[in-house]
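> need the 3D shape of this:
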Amino acid sequence: MSSIIQGFVHPIGGIDHALAMIGLGIIAGLIGGRALWLVPAAFVTFMALGAMMGIRRIDLPNYETGIALSVVVIGAIIGFGRLLPIAGAAALAAVISVVHGYAHGAELPLETSVAGYVAGFVIATLLLHAIGIGLALGAERFGKPISLRARQVAGIGMAGIGIAILAGWL
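As a prediction, this is how the structure comes out:
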């Protein structure tokens, strides 16, 4: 399997990674404007930093717990309907992306091109963000913004999955 494909599959194959990235896309889409590019850009930039930490084996204890907690936090933000300002959403993306990137870097398969692997998970991450943004904006394009009830159900469900991961049930 090529390095790019291995990197691409990693974030998509983990429900915790996928939910966090789609969730951040939803948050960016609900905020709109500059958040549509600033939140994903902050995430990808700091994810690369975290990946380099993981590749270099710089100790980051409990990073898996951090990933699960990020799903809970993102789900709660969506579920409680309290949107962050753009700077707050970008800062949240930057902080949580370090643990996600660390996991990608720490789990780099042996004899894999680092550049190809990183390119793969960056592409997948941007795709997952785009899916979330599309979910948030797509409903509005059809004349019906996402209802508060749908956001609450989706967000609380996401937070619940994060809690299940923390508890070891998933």
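> which residues touch the residue sitting nearest the centre point of the chain?
In the chain, the residue lying closest to the centroid (CA atoms, centre = their mean) is residue 21, at 2.2 Å. In this structure, residue 21 makes contact with 11, 43, 100, 125, 128-129, 132, judged by CB atoms under 8 Å, 6 or more residues apart in numbering. Bear in mind the C-beta positions are built from the backbone N, C-alpha and C, glycine included.
> got any ranges where the protein has weak pLDDT?
1, 139-146 (pLDDT under 70).
> mind checking the longest helix of it?
helix 114-141 (DSSP state H).
> now do the helices in this structure.
3-13, 15-31, 35-55, 63-80, 86-106, 114-141, 148-166.
> looking at those, which one is packed in the most?
Among the helices of the chain, helix 15-31 has the highest mean neighbour count (mean count of other CB atoms under 10 Å), at a mean of 25.
> distance from the chain centre to that helix, please.
6 Å (CA atoms, centre = their mean, to the nearest Å).
> please apply the same query to stretch 60-67.
14 Å.
> okay, that stretch in PDB with CA atoms only?
Output of stretch 60-67 as PDB, limited to C-alpha atoms (Å, rounded to 0.1, in the frame of the first residue of the first chain):
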ATOM      1  CA  LEU A  60       2.800  13.200  24.900                       C
ATOM      2  CA  PRO A  61       1.100  11.100  27.600                       C
ATOM      3  CA  ASN A  62      -2.600  10.200  27.300                       C
ATOM      4  CA  TYR A  63      -2.900  11.400  23.700                       C
ATOM      5  CA  GLU A  64      -5.700   8.900  23.000                       C
ATOM      6  CA  THR A  65      -7.600  10.300  26.000                       C
ATOM      7  CA  GLY A  66      -7.100  13.700  24.500                       C
ATOM      8  CA  ILE A  67      -8.500  12.600  21.200                       C
END
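> understood, closing this out.
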